[in-house]
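In: generate a structure from the sequence data that follows.
(2 chains)
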Number of protein chains: 2
Amino acid sequence: MSNADQIQTEITLKVSLGDRSYPIHIGENLIDRQELYQPYIHGKQVFVITNDVVAPLYLDKVLAALSNYETNAFILADGESHKTIETVNSIYTFLLEQRANRSATLIALGGGVVGDICGFAAASYQRGINFIQIPTTLLAQVDSSVGGKTGVNHKLGKNMIGAFYQPQAVLADTLTLNTLDDRQLSSGLAEIIKYGLIRDKPFAHWLDENISNILKREPIALAEAIKRSCENKAQVVAADELERGQRALLNLGHTFGHAIETALNYGSWLHGEAVAAGTYMAALFSNQLGWISSADLDYLENQLKLAKLPTRPPENISAEQFMQLMAVDKKVIDKKLRLVLLKSIGNAIVSDEFDQEKLIHMLETIERIPTNFAPIN
Amino acid sequence: MSNADQIQTEITLKVSLGDRSYPIHIGENLIDRQELYQPYIHGKQVFVITNDVVAPLYLDKVLAALSNYETNAFILADGESHKTIETVNSIYTFLLEQRANRSATLIALGGGVVGDICGFAAASYQRGINFIQIPTTLLAQVDSSVGGKTGVNHKLGKNMIGAFYQPQAVLADTLTLNTLDDRQLSSGLAEIIKYGLIRDKPFAHWLDENISNILKREPIALAEAIKRSCENKAQVVAADELERGQRALLNLGHTFGHAIETALNYGSWLHGEAVAAGTYMAALFSNQLGWISSADLDYLENQLKLAKLPTRPPENISAEQFMQLMAVDKKVIDKKLRLVLLKSIGNAIVSDEFDQEKLIHMLETIERIPTNFAPIN
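Out: Reported below is the predicted structural model:
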């Protein structure tokens, strides 16, 4: 188990991207500390973009810390189904009505959906204004708030519209995780587990011991898991900001996962749940290609189960539908599908060197689970 | 007068922006030359975005030059009123239906509206794909195709949504100007005249002698005017890509001009016409502040008239409406309006050091002309 002497509960990491570098502050009770915002706000206007679930919990605290500025808030309806260009347009209208100018700062207060929408609004309002991320879900703290991917869904594909646009700073306050429901917490674990699988075997083994502590929201385990996840992501992003190479490895499980989310209309499964099933599918296919051992496949399945995540796709998506939905994946180049696959635990590759028939066979034969699988709370 | 021995009719300029640098090819008969496209296309898919006026004239020529690729075209309705987020969304849908991937290239074939829309679609489709500009109006050749400003209008303000996103290359084919109507040609001259006024007095004097040749579409005069305009713009953009300082000088006449366009709902006046009236307004205000001489004001008014451009705002926009519309200008910082003003011919500054009452007085007292002023053909 972790030891409080070795592991800090307040940490600042840096994402190194030249003049677009920024800090990630991780710890408890960050969102009401004025001095954590001040260096990143340049004008007088600050607009908080949040949703109707998060606003009652944390909006007042954030606004109180920003009392030196002209503030206002815009509250979105909660949920991935609102991650659309129409919602972004409603933010533009709000900002124009508020006379927001180029020196204004947007603050994304919420989970990945709020961060993605707000980040794209910041990237495209007046061709780009400052923004700060305050991720309030485990998923957003370990994944979407780091690396500058912003955007919205299109009815024909997830995250098809967007920009690479870096925040000025990220505040990952672990206290906000206390209000998160168990299913959301597990969803975040899907991305945490991913870092171990693709590039950090010691972290995978640390997780074997600590997933149960994370599920109990033990603060030291949470801070350590967030820190090690963000470190992994920051290293990958620093080396390949625009995803021309290794950054694609972060998409383990996402090609299958996005297809699941699109087929279910971004409604019934959480992102991490779809990614968990997608991760197992990628691993199973890697195993069928002779790349990872059956022992590793079992290890990975067990880790996902320990995190209370689904490991099979939902029953109502056919192999054919998977193939259609995956054909618009952003990793497709000149009509050739590329997948993130596993060579071993801690070692992933992006590859198009597989027989399409074998992929279809996997999709046809893999076990299915009910779409409304019972989340264990 | 210009001399064919000294002035080339085919020129390549470079916009220097580090790893986002790109060439501008200027000359006659460029759009059907395959070798001018090839270095800038990386995948197999090429999509031409154009409009229903330009398509019948040049689309076949462009597609013929791209016969080595998988091509398709998407034809927009012509006009600034279609420069909306909804039009961009229709391009996303087209691209997704075509299974366009990240290695696809978009080609903007048309005037500034097509370029701005297509550029923003390229910037935001799958977080950014390649694009090439083929500006077919004088305005687009000397202004909007250079410098990476892309975007669309919002009902509450012009160009409020967008991104800084550089093309891979620009092909400015002067032959396409032969199909341009006279009013469009004059509209382009408004931006050409601007470069002389803000930073290039020798160019202003060259224009005194050559505006009449440009209006006659004399190829050498056209190529020289485009070249010197693009050189000026490229220098400014290279020094200040994201408009944090001197790039704002390129907005001479635009704060007033955008207010005119927004008030007229982007319909009856062309962009260059609104900018011409706005330029005179900025110059008149500069004169009233004691900054430019009355002789310089007359010189500038005369140059705009020589180019057959309006020099006064339309009759149905009140001073109050101007002030409201200008309050959302992108140069506003913390509610303080900043204007590009003239110290002399060839010397502009961005300033907020003026008495607002004086500005309102200018807006109340300046002569007005009919909204449907008769364009002289």
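In: for chain B, what's the nearest residue on the stretch 101-250 of chain A?
Out: Nearest residue of the stretch 101-250 of chain A to chain B, counting by C-beta to the nearest C-beta: A:L156, 4.0 Å away. C-beta: built from backbone N, CA, C; applies to glycine.
In: so what's that residue closest to, chain neighbours aside?
Out: Nearest residue to A:L156 in three dimensions, chain neighbours excluded: B:L96, at 4.0 Å (C-beta to C-beta, 6 or more residues apart in numbering or on different chains).
In: contact partners for the closest residue to A:W291 other than its chain neighbours?
Out: In this structure, A:W291 finds its nearest non-sequential neighbour in A:K343, 5.5 Å apart by C-beta to C-beta, 6+ apart. A:K343 makes contact with A:286, A:291-292, A:349, according to C-beta atoms under 8 Å, 6 or more residues apart in numbering or on different chains.
In: go again with 7 Å.
Out: Shown in contact with A:K343 (C-beta atoms under 7 Å, 6 or more residues apart in numbering or on different chains): A:291-292, A:349.
In: could you identify which of the residues you listed has the most neighbours?
Out: A:I292 (25 neighbours; other C-beta atoms under 10 Å in any protein chain shown).
In: how near is it to A:E301?
Out: Distance, A:I292 to A:E301, by C-beta to C-beta, to the nearest Å: 11 Å.
In: and what of A:A327?
Out: Taking C-beta to C-beta, one finds A:A327 at 27 Å from A:E301.
In: between the two, which one's more packed in?
Out: More crowded of A:A327 and A:E301, by other C-beta under 10 Å: A:E301, with 18 against 14.
In: read off the pLDDT value for that one.
Out: pLDDT recorded at A:E301 is 97.
In: which residue sits closest to it, ignoring its sequence neighbours?
Out: Nearest residue to A:E301, sequence neighbours excluded (C-beta to C-beta, 6+ apart): A:T311, at 5.3 Å.
In: test my guess that that neighbour contacts A:N302.
Out: No: contact between A:T311 and A:N302 fails when scored by C-beta atoms under 7 Å: they sit 9.3 Å apart.
In: which of these two has more neighbours?
Out: More crowded of A:T311 and A:N302, by other C-beta under 10 Å: A:T311, with 20 against 12.
In: next one: stretch A:98-106 to chain centre, how far?
Out: 26 Å (C-alpha atoms, centre = their mean, to the nearest Å).
In: who touches that stretch?
Out: So stretch A:98-106 is contacted by A:41-43, A:45-47, A:49, A:72, A:118, A:121-122, A:126, A:129-132, B:327-328, B:330, B:332-335 (C-beta under 7 Å, 6+ apart).
In: for the top helix by length along chain A, buried residues please.
Out: Identified as the longest helix of chain A according to DSSP state H is helix A:219-239. Buried residues in helix A:219-239, defined by neighbour count with 16 or more other C-beta atoms under 10 Å in any protein chain shown: A:219-234, A:236-238.
In: just checking, what packs against it?
Out: When contacts are defined as 3 or more C-beta pairs under 7 Å, 6 or more residues apart in numbering or on different chains; DSSP states H and E, helix A:219-239 sits against strand A:11-15, strand A:22-27, helix A:182-199, helix A:201-215.
In: pull the CA atoms of the second one into CSV?
Out: Listed next in CSV are the C-alpha coordinates belonging to strand A:22-27 (Å, rounded to 0.1, in the frame of the first residue of the first chain):
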residue,chain,number,x,y,z
TYR,A,22,0.6,24.6,-18.7
PRO,A,23,0.4,23.2,-15.2
ILE,A,24,-1.9,20.6,-13.8
HIS,A,25,-2.6,21.1,-10.1
ILE,A,26,-3.7,17.9,-8.3
GLY,A,27,-5.0,17.9,-4.7
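In: report the angle between the axes of that strand and strand A:11-15?
Out: 160 degrees (axes from the mean of the first three to the mean of the last three C-alpha atoms, to 10 degrees).
In: parallel or antiparallel, list what pairs with strand A:22-27.
Out: Neighbouring strands of strand A:22-27 in its sheet, by DSSP bridges, are strand A:11-15 (antiparallel), strand A:169-173 (parallel).
In: out of those, nearest to B:H254?
Out: strand A:169-173 (32.9 Å; C-beta to C-beta).
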